[in-house]
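Peer 1: Curious how this folds, go ahead:
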Amino acid sequence: MKKLLMSALSAAVVCGCLSLNTSYAADKGGKGEKKPVDPEKVFERLDKDKDGKLTEAEFLGKREGEAAEKGKKAFARLDKDANGSLSLEEFKARGAKKKP
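Peer 2: Reported below is the predicted structural model:
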């Protein structure tokens, strides 16, 4: 009986700690709710020369290897007018859902 009581108490403590950790993570931007990303702020951060457009190099940043190749394909897909740079509108379209 004593062993059963200790097991139950241990399980309750572990569960309590896990729920506190989850709450703390959510408050600190961890694995809780994700905050929506502002595409305009991301665009501003990536636009290193502040000319209002993203070059492929700015878009790729420090990506290398396979990530860089995927980034290049994404850049080409987003560059609708094929002028070699992304406008804010083109950049914002990356997150837009296709309408049925």
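Peer 1: Not counting sequence-adjacent ones, nearest residue to residue 85?
Peer 2: The shortest distance from residue 85 to any residue other than its chain neighbours is 4.1 Å, reached at residue 53 (CB to CB, 6 or more residues apart in numbering). Every residue, glycine included, has its C-beta placed from N, CA and C.
Peer 1: OK, contacts around the one you found?
Peer 2: Residues in contact with residue 53, defined by CB atoms under 8 Å, 6 or more residues apart in numbering, are 47, 85, 86, 87.
Peer 1: If you rank these by neighbours, which is first?
Peer 2: Of all the contacts of residue 53, the most densely surrounded is residue 86 (26 neighbours; neighbours counted as other CB atoms under 10 Å).
Peer 1: correct me, but that residue touches residue 77?
Peer 2: No - because the distance of 10.5 Å does not satisfy CB atoms under 8 Å, residue 86 is recorded as not touching residue 77.
Peer 1: Find the residues that touch each one of the two.
Peer 2: Both residue 86 and residue 77 lack any common contacting residue under the criterion CB under 8 Å, 6+ apart.
Peer 1: all helices for this protein, in order.
Peer 2: According to DSSP state H, the chain carries its helices in the segments 2-27, 39-46, 56-60, 65-78, 88-92.
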